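Chemist: Need a 3D model of the sequence below.
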Amino acid sequence: MPRNKSSDISARIQTVINEYGHGPLGKTPMAGREPVPWPLKASPEVILAMVLDAMIKSRPISHDLSQRTINHLIEVGYHDIDKLHASTWEERTVVLREGGYNRYREQAATNLGNLADFVVKEYDGDLNNLLEAAGGKRDKIEILMKEIKGIGDLTVELFFNNVQAVWPSIAPFVDSRSLKTAGDVGIGSDIEAIYVALQRDPEQMSWFANGLSTIRLEKRQQDIY
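Modeler: All right, here's what the predicted structure looks like:
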C-alpha cells in the first residue's frame, strides 16, 4: 500500500469489518450456541456447516433465501455427517422446501447426498482429514474439494472465505467477486497488504471477506467512502 494512503485504506478495512462483517456462520443458528464453541473451532460439524453454506450460497438465488435455507439445514442437523448421510433424497427435498429453497431443490438434494457419501467414504466423516491430506495447501484443498459433485469454483471460494478462520493455512483469502468490491471501495486488491493491516489475523480476514460480500449484495459501495 502506498504510504500516503495506508491510514485511509486501513480505516476503510475497519469500516467493512465493523459495519458489514460477520464471523463464519455468524448469521446461522450455530452462532454462539452449545455445543459449538464461539469463536468457532474446526470441529467436523463446523467444517461441514461451512460447506453446506457455500453450496447453497453459490446458487443464483437471493441472499435472503439462501440464508434461510442454510439456517434450516442446520436447524434439522444436516451439519452432522451421520444425520446427513442417513437422510434420503426425498427427506432432503422436503427439508430444502421447508427452508424456502425451490428452484434448484431436486439438484441440491442430490448434491447434498453426494457430499455426504464423499465425506464418509473418502475422509471418514470429517473434512479436517481432507485438510491433512492436502498438507494444508490451499491449491491442493481446492482440487480435492472439487472432487465432490456439485462443488465448483464459486463454492470453493465461498467456503474459503469462512474456513480460513479455523484453517489458518487458507488465509489470507477473499473470493474473486468480493475482491473486485475491495477495489471498488478504494481498498485495492492486494490481499497480502490487507492481511498485514489486519495483523495477519485469519479470523479478521474472514470477517473482512464476509463484509465485502454484504456490501456487494446490498450495493453499499458508496457508504465506504
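
Chemist: in the lowest-mean-pLDDT helix or strand in the chain, what counts as buried?
Modeler: Ranking every helix and strand in the chain by mean pLDDT, DSSP states H and E puts helix 6-15 at the bottom, with a mean of 89. Neighbour-count burial for helix 6-15 flags 9, 10, 12, 13, 14, 15 (criterion: 16 or more other Cβ atoms under 10 Å). In short, each C-beta sits where N, CA and C put it, glycine included.

Chemist: Reformat those residues as JSON lines; add distance to residue 92.
Modeler: Converted to JSON lines, the buried residues of helix 6-15 look like this (distance: Cβ to Cβ, whole Å):
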{"residue": "9", "distance to residue 92": "44"}
{"residue": "10", "distance to residue 92": "45"}
{"residue": "12", "distance to residue 92": "41"}
{"residue": "13", "distance to residue 92": "39"}
{"residue": "14", "distance to residue 92": "41"}
{"residue": "15", "distance to residue 92": "40"}
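
Chemist: any idea which of the residues you listed is closest to residue 191?
Modeler: residue 13 (11.6 Å; Cβ to Cβ).

Chemist: quick one: that closest one from residue 164, how far?
Modeler: 16 Å (Cβ to Cβ, to the nearest Å).

Chemist: for residue 25, same thing?
Modeler: Separation of residue 25 from residue 164 (Cβ to Cβ): 13 Å.

Chemist: so what does the longest helix anywhere in the chain touch, helix or strand wise?
Modeler: Of all segments of type helix in the chain, defined using DSSP state H, the longest is helix 105-123. With contacts defined as 3 or more Cβ pairs under 8 Å, 6 or more residues apart in numbering; DSSP states H and E, the packing partners of helix 105-123 are helix 44-57, helix 81-86, helix 89-98, helix 128-133.

Chemist: can I get those helices in a markdown table with mean neighbour count and distance to residue 186?
Modeler: Shown next, in a markdown table, are those (neighbours: other Cβ atoms under 10 Å; distance: least, Cβ to Cβ, whole Å):
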| stretch | mean neighbour count | distance to residue 186 |
| --- | --- | --- |
| helix 44-57 | 24 | 26 |
| helix 81-86 | 16 | 42 |
| helix 89-98 | 16 | 39 |
| helix 128-133 | 16 | 34 |
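
Chemist: which one of these lies closest to residue 198?
Modeler: With Cβ to Cβ, the closest approach to residue 198 among the helices and strands packed on helix 105-123 belongs to helix 44-57: 20.0 Å.
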